[in-house]
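Enquirer: I would like to see how this sequence folds:
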Amino acid sequence: MPKIWLICFCIMLQLGLVSVSSAADTVPILCYHGVGKADADPYMVTKETLNNHFAYLREHGYHPISLQQYIAFARDGAALPDKPVMITFDDGYISFYKDVFPLLKQYNYPAMLSIVGFWMEYPPPEVGVVVNWNQLREMEASGLVTIASHSYKSHYFQRVNPQGDRGYVLADRAYGASGYETEENFQQRVADDLRQAQQQFERELGHKAAALVWPYGAYNAAGIAIAQKMGFQAAFTLGAGRNEAGLQGLWQARRALVVDKPDSAAFAAVLQTGSKEKKPVKVVSLTIDTIYEPDNLRTTDSNLQMIISRFKKNGVSTIYLQALSIDKTTEHLESAYFYTDALPVKADIFSHIAAKLRKEKFSVYAVMPSLSQKQITALYTDLATHTYVDGVFFQDDLYLTQQEDVESLTEQVMREFRKARPLTLFARAIPAETVVSAADGANTSQYYQRYLNLYDYCVITPPTDSGVWSGAAQQRLETFAAKALAEPAATGKVIFQLETFDFAKQTWHTSQEIKQKVHLLRGKGALYFYYYPDSQF
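Expert: Numbering: from 1, shown residues only. Model prediction:
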């Protein structure tokens, strides 16, 4: 099974499983796959490792809960035992029956197993042997195992753009000889699959599946609505973190992938952590205008590969990728690099470049303008529908007098975007003067606080100096950083944009000066940095 989103990184590093308090107001969910030697496959755990995990849960007072307990909690707010945890397994490997089921009986632990309906008859060679219906009936009858659907026949990848990149069957529009799949055809395809899955459950087990586990964790709002119509009571995705009661916990339940053979010591550390580890973020921009060669995909890909190699060498983690082409004379939107009816399409290549970058483990954010005109909101809808991105970076192209109307419109766009891409994060560039005014108690302080509450990240450019990196300039930067990070909501949200080029002098800043700024900002608690502009080649 291929690796999924960056947010599903190694559970041992990122997931806080349970609250240390006695109140069971959140539920962590573990996602295992097969049990085996685990030599090459990071998704395999050994039986010994699994036994150690179960033993640790028992010895330290954790209480595994069943699917029905979780549904009652998420839907109705039903009480749970202290330190609850839910255990799930995906894909229906035979090792679940041979190795996991005996352990569940030994510990008297409930678990959920999701199966791909089509694999029950025709398992792919790379999957190997899976459980059969008699074994599923036996396990279900034990009262310990709940069987969930992992789709009927949608656990694979499909073509999603002209360049042939692959995407998720239940979340992405297919691309074929006639172009992109329509919304109507997409929804019909999803409905047909989930209907077949439920019909198979009724035929073989005598009831519908209560839960749907999205293949690869990929889903959208339309899929959730269809799942509800097909009789599912809950749906599960992937992602680190705890789940709260409510609609999100019920229909977008996050599960942490258990990968890379975690031992008991690492498992214990995770149980005591309570939150994801915050790691430094290094952001750079990538301009498609620079690397795109019209009608020559090979040259474009070659240019991109050179960029990727340099980004890797420099420890880049996140890329802000140009999505639109701007007329340099008028500064108006000229064309788009993705499929849309709202602007001329310069080249439908954004999704291809984003796919290449994400395959190399970069987080990719689409660089888009802030919304000063309602008619361009269609751009965001088309971007979300036809491309996969980890986030969107709203550029700062507005004056404070415009903010009230624009931020309300931006909130609307974010909601609409997340209907197609529920896990999307949003970053917003904000003026330095907003931060300074907020710290000084000016009437614009409301904007900074609102930015921090509304967006996942706020990108702030420190005030520019005369160009001399002096002791006074260092002091001004320290003061500014202290003001920017003083707000409680700023923790883990502020990205400092560092200018790498002196536009007045038309010269690049020295690496020594940039490193000094980074060192100074880190001393104030900064973790995230955006280096702009980038020299590309």
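Enquirer: Please make it C-alpha for all contacts and neighbour counts, starting now.
Expert: OK.
Enquirer: Flag every buried residue along the longest helix anywhere in the chain.
Expert: Using DSSP state H to define each element, the chain has its longest helix at helix 183-205. Taking 16 or more other CA atoms under 10 Å as the basis for neighbour counts, the residues of helix 183-205 that come out buried are 186-187, 190-191, 193-201, 205.
Enquirer: Helix or strand: which one has Glu48?
Expert: With elements delineated by DSSP states H and E, Glu48 resides in helix 47-59, which encompasses its position.
Enquirer: counting contacts, what elements does the helix or strand just after that helix pack onto?
Expert: Moving toward the C-terminus from helix 47-59, the next helix or strand (DSSP H and E) is strand 63-65. When contacts are defined as 3 or more CA pairs under 8 Å, 6 or more residues apart in numbering; DSSP states H and E, strand 63-65 packs onto strand 84-90.
Enquirer: Please list the residues outside the strand it packs on that contact it.
Expert: Contact partners of strand 84-90, identified using CA atoms under 8 Å, 6 or more residues apart in numbering, comprise 17-18, 24, 26-34, 62-67, 70, 96, 110-115, 150.
Enquirer: now what about the helix or strand just after it, what contacts it?
Expert: Tracing the chain C-terminally past strand 84-90 and defining elements by DSSP H and E, one meets helix 94-95 next. Contacts of helix 94-95 with the rest of the structure, by CA under 8 Å, 6+ apart, involve Gly34, Val35, Gly36, Val129, Val130, Val131.
Enquirer: Ok, stretch 424-431 next?
Expert: By CA under 8 Å, 6+ apart, the list of residues contacting stretch 424-431 from outside reads 389-396, 414, 417-418, 451, 455-461.
Enquirer: and Gln512, how many residues sit next to it?
Expert: One way to gauge burial is a neighbour count; for Gln512, by other CA atoms under 10 Å, it gives 9.
Enquirer: Which helix or strand contains it?
Expert: Per DSSP H and E: Gln512 is located in helix 511-523.
Enquirer: His519 - how many residues pack around it?
Expert: Close neighbours of His519, defined as other CA under 10 Å, add up to 12.
Enquirer: Strands along the stretch 251-400 of the chain, start to end?
Expert: Ranges of strands within the stretch 251-400 of the chain are 256-257, 281-286, 318-322, 324-326, 333-336, 363-368, 391-394, based on DSSP state E, counting those that start in this stretch.
Enquirer: among the ones you listed, which is the most enclosed?
Expert: Looking across these with neighbours counted as mean count of other CA atoms under 10 Å, the highest average goes to strand 256-257: a mean of 26.
Enquirer: Of the contacts of helix 94-95, which is the most crowded?
Expert: Highest count within the contacts of helix 94-95 by other CA under 10 Å belongs to Gly34, 23 neighbours.
Enquirer: list the contacts for the residue nearest to that one when sequence neighbours are not counted?
Expert: Closest residue to Gly34 apart from its sequence neighbours, by CA to CA, 6 or more residues apart in numbering: Met44 at 5.0 Å. By CA under 8 Å, 6+ apart, the contact set of Met44 is Tyr32, His33, Gly34, Val35, Gly36, Lys37, Ala38, Val259, Asp260, Lys261.
Enquirer: again, only using 7 Å
Expert: Contacts of Met44 were listed using CA atoms under 7 Å, 6 or more residues apart in numbering, and they are His33, Gly34, Val35, Gly36, Ala38.
Enquirer: still on that earlier bit, quick one, which of the strands of the stretch 251-400 of the chain gets closest to Met120.
Expert: Distances from Met120 to each of the strands of the stretch 251-400 of the chain were compared using CA to CA; the minimum, 23.4 Å, belongs to strand 256-257.
Enquirer: partners of the closest one, with directions?
Expert: In the sheet containing strand 256-257, the strands it pairs with under DSSP bridges are strand 29-32 (parallel).
Enquirer: As CSV, could you dump the C-alpha coordinates of the partner strand?
Expert: Only the C-alpha atoms of strand 29-32 are listed here, as CSV (Å, rounded to 0.1, in the frame of the first residue of the first chain):
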residue,chain,number,x,y,z
ILE,A,29,-7.7,5.7,16.5
LEU,A,30,-4.9,3.4,15.4
CYS,A,31,-4.7,2.1,11.8
TYR,A,32,-2.8,-1.1,11.2
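Enquirer: Identify all contacting residues around it.
Expert: Strand 29-32 is contacted by residues Val85, Met86, Ile87, Thr88, Phe89, Asp90, Arg254, Arg255, Ala256, Leu257, Val258 when judged by CA under 7 Å, 6+ apart.
Enquirer: what's the angle between whichever strand or helix holds Ile71 and strand 84-90?
Expert: Under the criterion DSSP H and E, the helix or strand holding Ile71 is helix 67-76. With axes from the mean of the first three to the mean of the last three CA atoms, to 10 degrees applied, the angle from helix 67-76 to strand 84-90 works out at 120 degrees.
Enquirer: Run through the neighbouring helices and strands of helix 67-76.
Expert: Secondary structure elements in contact with helix 67-76, counted by 3 or more CA pairs under 7 Å, 6 or more residues apart in numbering; DSSP states H and E, are helix 247-251.
Enquirer: So for the helix it packs on, what gets flagged as buried?
Expert: By neighbour count on 16+ other CA under 10 Å, the buried set for helix 247-251 is Gly249, Leu250, Trp251.
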